[in-house]
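Engineer: could you look at this predicted model? Sequence included:
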Amino acid sequence: QVQLVETGGGLVQTGASLGLSCVASGRTDSTNAMGWFRQAPGKEREFVAAIKWTAGTLYYANSVQGRATISKNNANSTVYLQLSSLNTEDTAVYYCVVRTRGEYASDPDDAAEYDYWGQGTQVTVSS
């Protein structure tokens, strides 16, 4: 079992930046990748970014490419997401995810690739 706790959400204005953190605990020795998804009200859940835990390979959704930076700290099992130039379309609950089943079987943007999900943290961007 892996537990994930996200922090860093909040209310920001358009154009601002925001950093999210996610700490994993439990069986973190099986971590293959960590990432972020988000879900806005009335919309489908969507992939944001992911990072391979050993290789450090990065993956970003087109919607945040150039505005998002995902990074990690293996020592404390933490993944970070930095978002800049926020706009109202970034308003969503952001979920931290982890994959523990080995290398990706499909695309990193497929929610089914991830084994554990955090409770989510709300990010609201006001105009």
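Structural biologist: Yep, it's here.
Engineer: okay, CA-based contacts and neighbour counts for the rest of this
Structural biologist: Noted.
Engineer: what's around residue 107, how many residues?
Structural biologist: If you count neighbours by other Cα atoms under 10 Å, residue 107 ends up with 10.
Engineer: how about it, secondary structure?
Structural biologist: Secondary structure state of residue 107, per DSSP: H, G, I helix; E, B strand; the rest coil, is coil.
Engineer: how far away is it from residue 59?
Structural biologist: Separation of residue 107 from residue 59 (Cα to Cα, to the nearest Å): 10 Å.
Engineer: got it, and residue 67?
Structural biologist: 13 Å.
Engineer: where do the strands sit along the protein?
Structural biologist: Assigned by DSSP state E, the strands in the chain fall at 2-7, 10-13, 18-26, 33-39, 46-52, 58-60, 68-73, 78-83, 92-99, 116-117, 121-126.
Engineer: can you redo the ones you listed as CSV with mean pLDDT?
Structural biologist: Putting these into CSV (pLDDT from 0 to 100) gives the following:
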stretch, mean pLDDT
strand 2-7, 97
strand 10-13, 97
strand 18-26, 97
strand 33-39, 98
strand 46-52, 98
strand 58-60, 98
strand 68-73, 98
strand 78-83, 98
strand 92-99, 98
strand 116-117, 98
strand 121-126, 98
